[in-house]
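*Asks:* any chance you can model this:
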Amino acid sequence: MNFDVIAGNKEYSVEIERRGKSFIITIDGEEFEVDATLLKKELYSVLIGSKSHLVNLKSEGNNFTVDVNSESFEIEVLDEAAKRLAQKTKSQAEGKQVIKTPMPGKIVKILVKEGDEVEPGMGMIIVEAMKMENELKSSSKGVVKEIVVEEGATVNGGDTLIVVE
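*Replies:* Here you go, the predicted model:
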């Protein structure tokens, strides 16, 4: 699975592949073999090569706080579907904006209601797909005209979720 990860002001290309009980994580071409064991909620024992780390991982949508050896990092993860959706919605600068789900999933939370004014980049809805929460954002200024789904609903890839004019 491929992701773009933004940490600080830098963007990284990340690929994650499962190999047996381990993961092969490639970051900007550099490969790491990683073993991770969940110790308790949000706390993992992570072995990278021969080095062991305690990692506390908190997530909210596509944003993560990662605490490693008393250092804290804020990162944002964009999967391929979220990148495609961002590129598609960026091309809709004016006029009607239709927010569609990039892949099958479940509606976790609707962040707007009909009649709300939205701005570019404003979070509108959170969809869980492939065990990851994706916050779909507005690409332009407008007013929410219609919310087609309800929280908890299962959706297919390409389903219309919200209409903004």
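
*Asks:* use CA for all of it now, contacts and neighbours both
*Replies:* Will do.

*Asks:* where do the helices of the protein begin and end?
*Replies:* According to DSSP state H, the chain carries its helices in the segments 80-90.

*Asks:* any idea how far Ser52 is from the residue nearest to the spatial centre of it?
*Replies:* In the chain, the C-alpha closest to the average C-alpha coordinate belongs to Asn62, at a distance of 3.2 Å (Cα atoms, centre = their mean). Distance from Asn62 to Ser52, counting by Cα to Cα, to the nearest Å: 26 Å.

*Asks:* and for Leu78?
*Replies:* As judged by Cα to Cα, Leu78 and Ser52 stand 27 Å apart.

*Asks:* name the nearest residue to Ser72, sequence neighbours excluded.
*Replies:* Closest residue to Ser72 apart from its sequence neighbours, by Cα to Cα, 6 or more residues apart in numbering: Val66 at 5.7 Å.

*Asks:* go ahead and confirm the one you found touches Val55.
*Replies:* Yes - counting by Cα atoms under 8 Å, Val55 is a contact partner of Val66 at 6.8 Å.

*Asks:* check what pLDDT Ser138 gets.
*Replies:* In this prediction, Ser138 carries a pLDDT score of 88.

*Asks:* do the same with Ala86
*Replies:* Listed pLDDT for Ala86 reads 57.

*Asks:* shaky segments in the protein?
*Replies:* 79-95 (pLDDT under 70).

*Asks:* quick revisit: which one of Leu78 and Ser52 has more residues nearby?
*Replies:* Counting neighbours by other Cα atoms under 10 Å for Leu78 and for Ser52 shows that Leu78 has the greater number, 20 against 14.

*Asks:* give the contact list for that one.
*Replies:* Counting by Cα atoms under 8 Å, 6 or more residues apart in numbering, Leu78 makes contact with Phe3, Asp4, Val5, Asn62.
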